[in-house]
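> Here is a sequence with its predicted model. Questions after.
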Amino acid sequence: MLRIYNTLTKEVEEFEPSEPGLVKAYFCGPTPYDHLHLGHARAFVSFDFVRRYLLLKGFNVLYVQNITDIDDKIIRRAGELGVDWRDVAGMYTDEYLSLLRELRIEVDLHPRVTEHIEDIVRFVEALVEKGHAYVAPSGSVYFDITTYGDYGRLSGRVGAEEWRQEEEFLAEKRNPFDFALWKAAKPGEPYWPSPWGPGRPGWHIECSVMSSKYLGDTIDIHGGGQDLIFPHHENERAQSESYFGKSPWVRYWVHVGPLTVAGEKMSKSLGNIIRLTDAVKTWSPEVLRLWIFSSHYRRPLDYKEEALEQARTTLRKILSTHEMLLRVFKERPVEHRLDERRLRVWVSLSQTWREFVEALDSDINTPRALAALHRLLGIANAEVLTSDSSSLAFKALATLELMDRVLGVLPPREEVVRASDQVEELVKLIVEVRARLRARRMYEESDWIRAELGKLGIRLADTKEGTLWFVEKRTGSSEK
Ligand SMILES: [Zn+2]
């Protein structure tokens with residue numbers, strides 16, 4: 001049974017979706033006004049682990065991640081660049097979508113705000129009709145926070161004085177902490193028609209509208225970065241529960257911790273922002289996934305090159321073990337009995353899978369799951385590849401691939417096997433030549449062959465069975 005931390009109750013709870021077998025999940029996506037940074041990857045990849053684990057547990061998952069393609073920041077950025085706001089949103093949306101693909105993050109639907117303006121207007125109209133919102137003199141519409149009794153519970157902020165204020169609007173708001181559902185257009189700004197005059201949606205309303213349009217009036221998991229708890233998610237919750245007249249609108253609020261650089265928050269003023277395209281180029285998407293997996297999603301993740309180097313080393317080990325297991329499994333004859341010792345190895349392999357599942361069941365504890373994966377690699381290298389057992393090779397291979405359904409770093413089997421048949425024959429030939437040299441005790445020559453192959457990324461491992469080899473995958477350049 002999966003247990004997951006709920007920000008609303010501040011407790012780790014048993015996970016049970018509202019409809020058996022189906023998980024409706026919504027995660028707040030980006031505002032495409034600038035390049036994505038490493039913090040975005042941390043949030044999206046962390047949630048990708050959750051989504052993949054739910055799938056592995058047999059749930060159907062309907063996963064929606066929005067794109068805020070109209071916003072103050074986009075308008076400001078377009079002004080700075082002297083281009084149309086649509087071009088800014090389009091350019092950075094393209095970058096975001098291609099980075100998601102590279103990072104192997106799958107999303108069912110990416111609704112964009114500008115394609116849901118009518119839905120948003122209708123939602124705001126209903127909030128006005130129900131008395132939860134009011135039209136200010138400017139033509140902007142605000143949510144009246146005093147009509148929703150539970151405001152502040154999600155973020156734990158209970159005092160009105162703590163709630164952020166938009167001072168320029170103070171004159172027209174009933175309460176300083178009311179927030180905009182609809183913003184009247186200022187001269188030169190993009191706008192859409194509405195019953196309250198030309199304007200555009202406020203930031204928070206889109207998530208309430210687009211999530212309910214596709215997921216209905218109850219969301220099982222609503223996620224985002226911890227920085228979104230207030231005011232964004234607090235406001236989403238107020239709007240939606242007022243609109244639907246029911247609680248809870250979201251069954252589990254799941255928030256991902258921040259990414260820091262040398263212990264500091266990434267910010268323009270500190271000049272320590274790491275662009276995601278650069279990080280992908282330097283480390284590769286798989287190294288980044290593994291590094292993010294090594295830390296629990298709720299804790300801050302600090303960017304340290306040593307930690308990424310370590311992830312790279314682990315990735316190499318995963319890829320080489322996978323390739324050797326696959327090769328061995330393909331080449332060894334089917335086994336018809338296991339002796340006592342092999343049975344023990346088989347049991348210890350299956351134990352690593354249990355540990356992996358138990359770790360993820362306890363609030364998606366990926367560092368503990370990674371430890372189980374390391375144990376699997378250890379057993380595979382020490383006890384499986386060195387034996388001639390095809391059953392053990394199969395067990396280790398299947399377990400590694402199951403774990404990878406969550407981790408997401410292995411290439412498809414066909415790609416590993418394909419690795420060019422000609423190259424395979426050629427390497428076999430060289431390995432055979434080296435074996436003959438060794439048989440004649442010509443170790444200097446055989447070591448030279450091994451070293452030269454190593455330079456080409458082809459690693460050899462001498463076992464009782466003969467020599468195994470694998471081609472090392474590219475895992476990002478070491479140069480900075
Ligand atoms: Zn949102």
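Yes, it's here.

> okay, CA-based contacts and neighbour counts for the rest of this
Will do.

> Pull up the distance across stretch 432-447, start to finish.
From its first residue to its last, stretch 432-447 covers 13 Å (Cα to Cα, to the nearest Å).

> what comes up buried for that stretch?
Buried residues in stretch 432-447, counted by 16 or more other Cα atoms under 10 Å: 434-435, 437, 446.

> Please identify which pair of those lies farthest apart.
Pairwise distances across these (Cα to Cα) peak at 7.6 Å, for the pair A435 and S446.

> In the chain, which residue sits nearest the ion?
C28 (4.2 Å; Cα to the ion).

> Tell me the spacing between the nearest residue to that residue once chain neighbours are set aside and D178.
Of all residues not flanking C28 in the chain, G224 sits nearest, at 5.3 Å (Cα to Cα, 6 or more residues apart in numbering). G224 is 22 Å from D178, where distance means Cα to Cα.

> looking at the chain, which helix or strand is least sure?
helix 413-418 (a mean of 76; mean pLDDT, DSSP states H and E).

> and the helix or strand hosting the residue nearest to C28, anywhere near the ion?
For G224, the element it lies in under DSSP states H and E is strand 219-225. No - residues of strand 219-225 are not located near the ion by Cα under 5 Å from the ion, the shortest gap being 7.4 Å.

> which phi and psi does A133 have?
phi -140, psi 160 (degrees, to the nearest 10).

> Could you give the number of residues near it?
Neighbour count of A133, defined by other Cα atoms under 10 Å: 24.

> Tell me who's in contact with it.
Contact partners of A133, counting by Cα atoms under 8 Å, 6 or more residues apart in numbering, are 124, 127, 141-144.

> Would you list the buried entries among those residues?
Buried among the contacts of A133 (16+ other Cα under 10 Å): 124, 127, 141-144.

> Can you flag which of those residues belong to helices?
124, 127 (DSSP state H).

> and of the buried ones among the contacts of A133, the nearest to S208?
Nearest member of those to S208, counting by Cα to Cα, is V124, at 10.4 Å.

> ok, how many other residues are close to the nearest residue to that closest one once chain neighbours are set aside?
Among residues not flanking V124 along the chain, L181 sits closest, at 6.7 Å (Cα to Cα, 6+ apart). Neighbours of L181 under the rule other Cα under 10 Å: 26.

> secondary structure class for L181?
Secondary structure for L181, judged by DSSP: H, G, I helix; E, B strand; the rest coil, is strand.

> That one against W203, yeah?
Yes - using Cα atoms under 8 Å, L181 is in contact with W203, at 7.5 Å.

> Quick check: end-to-end length of stretch 268-280?
The first and last residues of stretch 268-280 sit 20 Å apart, counting by Cα to Cα.

> If you count contacts, what does the longest helix seen in the chain end up packed against?
With secondary structure taken from DSSP H, the chain has its longest helix at helix 305-331. Helices and strands touching helix 305-331, by 3 or more Cα pairs under 8 Å, 6 or more residues apart in numbering; DSSP states H and E, are helix 285-293, helix 366-379, helix 390-407, helix 413-418, strand 466-471.

> which one of the ones you listed is the most hemmed in?
The highest mean neighbour count among the helices and strands packed on helix 305-331, using mean count of other Cα atoms under 10 Å, belongs to helix 285-293: a mean of 24.

> CA atoms only for it - export them in PDB, please.
Listed next in PDB are the C-alpha coordinates belonging to helix 285-293 (Å, rounded to 0.1, in the frame of the first residue of the first chain):
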ATOM      1  CA  PRO A 285      19.100  13.400 -19.200                       C
ATOM      2  CA  GLU A 286      19.800  10.000 -17.600                       C
ATOM      3  CA  VAL A 287      22.400  11.300 -15.200                       C
ATOM      4  CA  LEU A 288      20.100  14.100 -14.100                       C
ATOM      5  CA  ARG A 289      17.200  11.600 -13.500                       C
ATOM      6  CA  LEU A 290      19.500   9.400 -11.400                       C
ATOM      7  CA  TRP A 291      20.800  12.400  -9.400                       C
ATOM      8  CA  ILE A 292      17.200  13.600  -8.700                       C
ATOM      9  CA  PHE A 293      16.300  10.000  -7.800                       C
END
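
> For that helix, which outside residues touch it?
With contacts defined as Cα under 8 Å, 6+ apart, helix 285-293 is touched by 42, 45-46, 102-104, 279-280, 301, 307-308, 311-312, 315, 366-367, 370, 407-409, 475-476.

> Pull out the buried members of those residues.
Using 16+ other Cα under 10 Å, the buried ones in those are 42, 45-46, 103-104, 279-280, 301, 308, 311-312, 315, 366-367, 370, 407-409, 475-476.

> Now do the strand holding G224: distance to the chain's middle.
Its chain's C-alpha centre and that of strand 219-225 lie 13 Å apart, by Cα atoms, centre = their mean, to the nearest Å.

> partners of it, with directions?
Strand 219-225 pairs in its sheet with strand 22-27 (parallel), strand 250-256 (parallel), by DSSP bridges.

> Out of those strands, which is closest to V427?
Each of these has some distance to V427 by Cα to Cα; the shortest is strand 250-256, at 45.6 Å.

> Next one, pLDDT for D421 please.
Reported pLDDT at D421 in the predicted model: 64.

> In this structure V328 contacts S390, no?
Yes - assessed by Cα under 8 Å, V328 is found in contact with S390 at 7.1 Å.

> one step back: show me which positions of the strand holding G224 end up buried.
For strand 219-225, burial by neighbour count (16+ other Cα under 10 Å) applies to 219-225.

> can you put those residues in CSV and add distance to V417 and pLDDT?
Below are those laid out as CSV (distance: Cα to Cα, whole Å; pLDDT from 0 to 100):
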residue, distance to V417, pLDDT
I219, 42, 98
D220, 40, 98
I221, 38, 98
H222, 40, 98
G223, 38, 97
G224, 38, 97
G225, 39, 96
